[in-house]
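Chemist: sequence unavailable; structure follows:
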């Protein structure tokens, strides 16, 4: 019989730059956990992360949603402090959830934090899933760090996103990464010319993702 997952306990005030209103949401049947790392200007209550979070809650994963204090995003000198701090949070979360299904979803700047955490020794369950939305693949460090995890990583990339050079996307696909391309999508994964197409793209992605979680 599977052991029940213990309640996740994280004191967000212990992590420099983390929004104290970050939260852990419980599902009815906790068989695993989702960690959501927001983007710099894209919180976890915005559409892609909101529906991603609720889909995981629906299938029985608890969800820890992390946001950041604005000054740690706007002030470039404070971003390294934030990266180190949230990397430590990732490690603490993983230690509490390692015996169960683990999923980490990161959006834009959140990918930069996750890449640093992985590079500094973040240990995850072998059956983990990483969902990288709008990765900053133009940054060499982030690109090369994620390339080490082809079996567990899913990329969600806007076709028009300048932060995702086509040659690097093609290389990741050849490496065996699962990649969902958003037609006409920008860095926000929206089609700037059609709200309807933006909604259809989001729905298509979640239909595709559901069997993986």
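Modeler: Okay, I see it. All figures in this text were calculated on a predicted structure; none of them were measured in a lab. Numbering: from 1, shown residues only.
Chemist: measure residue 94 to residue 35 for me?
Modeler: With distances taken as C-beta to C-beta, to the nearest Å, residue 94 is found 8 Å from residue 35. For the C-beta atoms, the positions are set from N, CA and C on the backbone; glycine is no exception.
Chemist: who's more crowded, the two?
Modeler: residue 35 (29 against 19; other C-beta atoms under 10 Å).
Chemist: quick check, that one in a strand?
Modeler: Yes. Counting by DSSP: H, G, I helix; E, B strand; the rest coil, residue 35 falls inside a strand.
Chemist: give me the common contacts of residue 94 and residue 35.
Modeler: residue 102 (C-beta atoms under 8 Å, 6 or more residues apart in numbering).
Chemist: how far out from the middle of the chain is stretch 189-207?
Modeler: Chain-centre distance of stretch 189-207: 19 Å, with C-alpha atoms, centre = their mean, to the nearest Å.
Chemist: what residues does that stretch touch?
Modeler: 47-48, 51-52, 55, 133-134, 156, 158, 180, 182-186.
Chemist: what is the nearest of those residues to residue 121?
Modeler: Proximity of the contacts of stretch 189-207 to residue 121 was ranked by C-beta to C-beta; the top entry is residue 133 with 23.7 Å.
Chemist: my guess is that closest one contacts residue 153, does it?
Modeler: No. Counting by C-beta atoms under 8 Å, residue 133 stays clear of residue 153, with 11.4 Å between them.
Chemist: any regions of this structure where pLDDT drops low?
Modeler: Scanning the chain for pLDDT under 70 picks out 1-5, 29.
Chemist: can you tell me the closest non-neighbouring residue to residue 71?
Modeler: Excluding the flanking residues, the one nearest residue 71 by C-beta to C-beta, 6 or more residues apart in numbering is residue 78, at 6.5 Å.
Chemist: on the three-state scheme, the one you found is what?
Modeler: helix.
Chemist: mind listing the strands for this structure?
Modeler: For the chain, applying DSSP state E gives strands covering 23-25, 32-37, 61-66, 101-107, 129-133, 153-158, 178-182.
Chemist: paired strands for the fourth one, with orientation please.
Modeler: When pairing is defined by DSSP bridges, strand 101-107 lines up against strand 32-37 (parallel), strand 129-133 (parallel).
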